[in-house]
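>>> Sequence plus predicted model, see below.
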Amino acid sequence: MPIFDQVLKEVEDNMVKALEFLTTGLRGIRSGRATPGLIEGVRVDHYGTPTPIKQVANIAVPEPRILVIKPFEAASLKNIETALNKANLGFTIQNDGRMIRITVPPLSEEGRQQLIAKVKEMAEKAKVSIRNIRRDGNRKAEQMEKESQLSEDESKRLQDEIQKLTKAYEDKVGKKFEEKKKEISEI
């Protein structure tokens, strides 16, 4: 693979990671509906090891505001309930001895605005990360030009391609923000 393509691929891979990090973070932000992403970050004590909840239980959404957690092993039900209570997510948790039901309360208008502000901040951080990746890629192109690994034209072309990637990934971040904002705003 030519060095030009290597640098471009490395820059794009890093931008993909920044976008994936944002996407993962947005899953944990609640909207007006129940989604498994709201509790996926909770770790349960499973035989002495902190384990993600989705590895010890099945998570279902039977109704828009209800999550049902059914453990793979009945013995881990109490540990799941304890972990959810420690996580202090602000949800009502009910244990019926076989499964746990979580009721997700509707958001107030003030709560919605706070969540939208948090999502906007997360999106801005992702954009800053993408711009830092662009800066590092451009520096690499300039360094390679100085070391005669790339011609001046190739370096300029590489920087132009990096800028196109930056714009594309900033647009993707903006789209993710708008989607989440719409989801939070829905009543």
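Perfect, thanks for sending it. Numbering: from 1, shown residues only.

>>> Need the pLDDT of the most far-flung residue of the chain relative to its centre.
Largest separation from the mean C-alpha position in the chain: S148, at 39.6 Å (C-alpha atoms, centre = their mean). Turning to S148, the model gives it a pLDDT of 87.

>>> Let's check: the centremost residue of this structure is which one?
Taking C-alpha atoms, centre = their mean, the chain has its central residue at T24, 1.7 Å away.

>>> Three-state assignment for that residue, please.
helix (DSSP: H, G, I helix; E, B strand; the rest coil).

>>> Start at 401, not 1
Okay, residue one is now 401; in that scheme the one you just asked about reads as T424.

>>> Please list all residues in contact with V461.
R433, A434, T435, P436, L467, V468 (C-beta atoms under 8 Å, 6 or more residues apart in numbering). In this view, the C-beta of every residue, glycine as well, is placed from N, C-alpha and C.

>>> That one: which element?
Assessed by DSSP states H and E, V461 sits inside strand 457-463.

>>> returning to that earlier point: farthest pair in the contacts of V461?
Of all pairs drawn from these, the one with the longest distance (C-beta to C-beta) is R433 and V468, at 14.1 Å.

>>> Weed out the non-buried ones from the contacts of V461.
Using 16 or more other C-beta atoms under 10 Å as the burial test, the contacts of V461 include R433, A434, T435, L467, V468 as buried.

>>> For the residues you listed, could you give me CSV that also reports distance to K567, secondary structure and pLDDT?
Converted to CSV, the buried ones among the contacts of V461 look like this (distance: C-beta to C-beta, whole Å; DSSP: H, G, I helix; E, B strand; the rest coil; pLDDT from 0 to 100):
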residue, distance to K567, secondary structure, pLDDT
R433, 32, coil, 74
A434, 36, coil, 76
T435, 30, coil, 78
L467, 38, strand, 87
V468, 43, strand, 91
